[in-house]
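Visitor: no FASTA, just this:
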């Protein structure tokens with residue numbers, strides 16, 4: 001067996017720093033995995049749905065202005081869903097109680113309604129409330145400016 005010169009002996013094992021770095025990486029991966037496995041709370045689902053709907057409202061207004069044509073978002077209260085020409089159909093949480101108040105003309109049928117945006121930036125306006133036992137989202141569309149405001153409490 002060949003011997004190394006004195007002072008150059010090989011040491012076996014890991015340093016404390018290497019062990020700490022490996023444990024930190026394992027903890028980081030475990031924490032991320034735990035977040036992905038746990039389903040989001042009802043409040044979080046409501047907040048995500050409300051923010052997505054507000055983004056769809058803003059995109060519909062921008063499209064109406066850009067294309068110089070009316071753009072409408074149809075809200076189906078029976079299915080807790082909405083459809084828009086600016087994106088994929090969206091859904092609200094199934095446990096959410098939805099109240100919708102829009103102008104008379106876009107009230108399509110009792111379980112459905114629509115908010116229309118016009119080329120000048122205005123809209124038919126409307127108010128919508130999404131309610132779950134632990135959270136409430138209020139969405140308001142100004143009829144004059146078409147601005148959509150979203151608040152979750």
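Guide: The structure has been received and is ready for your questions. Keep in mind the model is a prediction, meaning the values are calculated, not measured.

Visitor: With residue 16 as the reference, measure out to the residue lying closest to residue 85 once chain neighbours are set aside.
Guide: In space, and not counting its chain neighbours, residue 85 is closest to residue 71: 6.1 Å by C-beta to C-beta, 6 or more residues apart in numbering. The C-beta positions use only the backbone N, C-alpha and C, and glycine is treated the same way. For residue 71, the distance to residue 16 equals 62 Å [C-beta to C-beta, to the nearest Å].

Visitor: likewise residue 68?
Guide: On the measure of C-beta to C-beta, residue 68 and residue 16 end up 68 Å apart.

Visitor: What strand or helix carries residue 151?
Guide: strand 148-152 (DSSP states H and E).

Visitor: State the paired neighbours of that strand in the sheet, together with their directions.
Guide: strand 135-141 (antiparallel) (DSSP bridges).

Visitor: And the average pLDDT for the partner strand is what?
Guide: Along strand 135-141, the predicted confidence averages to a pLDDT of 96.

Visitor: can you give me the helices in the chain?
Guide: 16-37, 42-67 (DSSP state H).

Visitor: any idea how far residue 131 lies from residue 139?
Guide: 12 Å.

Visitor: out of the two, which sits in the more crowded spot?
Guide: residue 139 (21 against 15; other C-beta atoms under 10 Å).

Visitor: Identify the residues contacting that one.
Guide: 50, 53-54, 57, 127-130, 148-151 (C-beta atoms under 8 Å, 6 or more residues apart in numbering).

Visitor: Show me the contact partners of stretch 50-61.
Guide: 71-73, 82, 84-87, 90, 92, 115, 117, 121, 123, 128, 130, 137, 139, 141, 146-150, 152.

Visitor: Please list only the buried members of the residues you listed.
Guide: Buried members of the contacts of stretch 50-61, counted by 16 or more other C-beta atoms under 10 Å: 71-73, 82, 84, 86, 90, 92, 115, 117, 123, 128, 130, 137, 139, 141, 146-148, 150, 152.

Visitor: And the spatially most central residue of the chain, what's its pLDDT?
Guide: By C-alpha atoms, centre = their mean, the mean C-alpha position of the chain lies nearest to residue 48, the distance being 3.2 Å. Looking at residue 48, its pLDDT stands at 93.
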